[in-house]
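Trainee: below: sequence and its predicted model.
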Amino acid sequence: MTNPFEREDGSYHVLVNAEGQYSLWPAYLDVPGGWEIRLTNETRPVCLEYIETNWRDMRPESLKQAEAAKK
């Protein structure tokens, strides 16, 4: 069985959680709680490019806020 996250011919969503973390998600699977769809029903390469373009700072939002509070 092929990994559903690595199928080049699959349809995917890009998900984002409250911490600002991104995930590639197979479109046929239910979106897990705490995640929202930012890009829907696209090819894997389109989704990966979206993630690369939009997720510039991989630190969780809570860490960014804690670091900003220390300044």
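Mentor: Nice, thanks for sending it over. In this text the structure is predicted, and so the values were computed from the model without any measurement. Numbering: from 1, shown residues only.
Trainee: R59: what secondary structure?
Mentor: With DSSP: H, G, I helix; E, B strand; the rest coil as the basis, R59 sits in coil.
Trainee: count of neighbours near the closest residue to it other than its chain neighbours?
Mentor: Using C-beta to C-beta, 6 or more residues apart in numbering and skipping the chain neighbours, the partner closest in space to R59 is E67 (7.8 Å). Backbone N, C-alpha and C define where each C-beta goes, glycine included. Using other C-beta atoms under 10 Å, E67 is surrounded by 10 other residues.
Trainee: which SS state does E67 fall under?
Mentor: helix.
Trainee: and it, what pLDDT?
Mentor: You'll see E67 listed with a pLDDT of 87.
Trainee: how about E61?
Mentor: For E61, the predicted pLDDT is 89.
Trainee: still on that earlier bit, how close does the residue nearest to R59 sit to D57?
Mentor: Separation of E67 from D57 (C-beta to C-beta, to the nearest Å): 11 Å.
Trainee: who's E42 bridged to?
Mentor: Beta-bridge pairing of E42 under DSSP bridges involves Y12.
Trainee: that one contacts Y12, correct?
Mentor: Yes. If you go by C-beta atoms under 8 Å, E42 and Y12 touch, sitting 6.0 Å apart.
Trainee: so for the two, which residue has more residues nearby?
Mentor: Y12 (26 against 17).
Trainee: residue contacts, that one?
Mentor: Neighbouring residues of Y12 by C-beta atoms under 8 Å, 6 or more residues apart in numbering: 24-27, 41-44, 47.
Trainee: same thing with L48?
Mentor: L48 is in contact with L24, counting by C-beta under 8 Å, 6+ apart.
Trainee: quick check, it in a strand?
Mentor: No. L48: not assigned to a strand; according to three-state DSSP it is helix.
Trainee: do you know how far it is from A27?
Mentor: 14 Å.
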